[in-house]
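Visitor: Below is the sequence, then the predicted model.
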Amino acid sequence: MESTLNAGIAMAEAMQNQLPWLEKVWLWVTFLGDPKNLYLFYFPAAYYASRRVGVAVLWISLITEWLNLVFKWLLFGDRPFWWVHESGYYGQAPAQVHQYPSSCETGPGSPSGHCMITGAALWPIMTAISSQVASRAHSRWVRMMPSLVYCTFLLAVGLSRIFLLAHFPHQVLSGLITGEQPKQQDGDPV
């Protein structure tokens, strides 16, 4: 397991040292992917646009928030910034990583709540937009845009969490997988 954690630290260190100019972007993306914003921004906007979609966003947010907490109790998982300093693995050659306010999260890290909760709760919004676009657009590429934006956003949230040393890559991946929604058979947005 130490080799997996070491690889995660190496990835974060490379991102921080090779792409320091993206720091403000990653901070902004992690803010947008914060689960509390589901209640403050995404749910009210979705509810205003469609009561059905808004209620789905709210319920999915609540359920996945609870599930994420249960998974964190069961899986535990160290946080990268704290693991670097407490493991003793970097005793002789310390990792060149920077601390951010998000790095100071002290609870268990697996799975990533930003990826799991936000990914699950934004699914009804994405499917509702996709169905609206599909009914109006004739181009296959235009119909794929909501899905591409959704996937790109979740990828950016995951990378931001790694950059900020809030999560290891495997924790981000587990958050993305556990937050994945099953596909609807009838094409309904929810």
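Guide: Yep, it's here. The structure presented is a predicted model; accordingly, all values stated were derived computationally and were not measured.
Visitor: What distance do you get for the most centrally placed residue in the chain to residue 132?
Guide: Residue closest to the average C-alpha location in the chain (C-alpha atoms, centre = their mean): residue 115, at 2.1 Å. The span separating residue 115 from residue 132 equals 25 Å under the rule C-beta to C-beta, to the nearest Å. Every C-beta, even on glycine, is put in place using the N, C-alpha and C of the backbone.
Visitor: Residue 60 too?
Guide: Using C-beta to C-beta, which is the criterion applied here, residue 60 is 19 Å from residue 132.
Visitor: More neighbours: which of the two?
Guide: With neighbours defined as other C-beta atoms under 10 Å, residue 60 and residue 132 compare such that residue 60 has more, 22 against 14.
Visitor: Quick one: low-confidence residue ranges for the protein.
Guide: In the predicted model, the chain carries pLDDT under 70 at residues 88-93, 102-103, 181-190.
Visitor: And the helices in it?
Guide: Defined through DSSP state H, the helices belonging to the chain, from first to last, are 2-18, 23-32, 36-37, 43-49, 51-75, 80-86, 113-136, 140-163, 169-178.
Visitor: Can you add distance to residue 104 and give those helices back as JSON lines?
Guide: Shown next, in JSON lines, are those (distance: least, C-beta to C-beta, whole Å):
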{"stretch": "helix 2-18", "distance to residue 104": "15"}
{"stretch": "helix 23-32", "distance to residue 104": "13"}
{"stretch": "helix 36-37", "distance to residue 104": "16"}
{"stretch": "helix 43-49", "distance to residue 104": "27"}
{"stretch": "helix 51-75", "distance to residue 104": "16"}
{"stretch": "helix 80-86", "distance to residue 104": "8"}
{"stretch": "helix 113-136", "distance to residue 104": "15"}
{"stretch": "helix 140-163", "distance to residue 104": "13"}
{"stretch": "helix 169-178", "distance to residue 104": "16"}
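Visitor: Quick one: closest of these to residue 105.
Guide: Relative to residue 105, the nearest member of these by C-beta to C-beta is helix 80-86, separated by 8.6 Å.
Visitor: Can I get the closest one in PDB, CA atoms only?
Guide: In PDB, the C-alpha atoms belonging to helix 80-86 read as follows (Å, rounded to 0.1, in the frame of the first residue of the first chain):
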ATOM      1  CA  PRO A  80      -2.000  12.800   1.600                       C
ATOM      2  CA  PHE A  81      -0.700  15.900   3.400                       C
ATOM      3  CA  TRP A  82      -0.800  14.300   6.800                       C
ATOM      4  CA  TRP A  83       0.500  10.900   5.500                       C
ATOM      5  CA  VAL A  84       3.600  12.600   4.100                       C
ATOM      6  CA  HIS A  85       4.500  14.100   7.500                       C
ATOM      7  CA  GLU A  86       3.400  11.200   9.800                       C
END
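Visitor: and residue 149, what is it in contact with?
Guide: Applying C-beta atoms under 8 Å, 6 or more residues apart in numbering, we find residue 149 in contact with residue 126.
Visitor: can you do 10 Å?
Guide: Taking C-beta atoms under 10 Å, 6 or more residues apart in numbering as the contact definition, residue 149 lies against 126, 129, 130.
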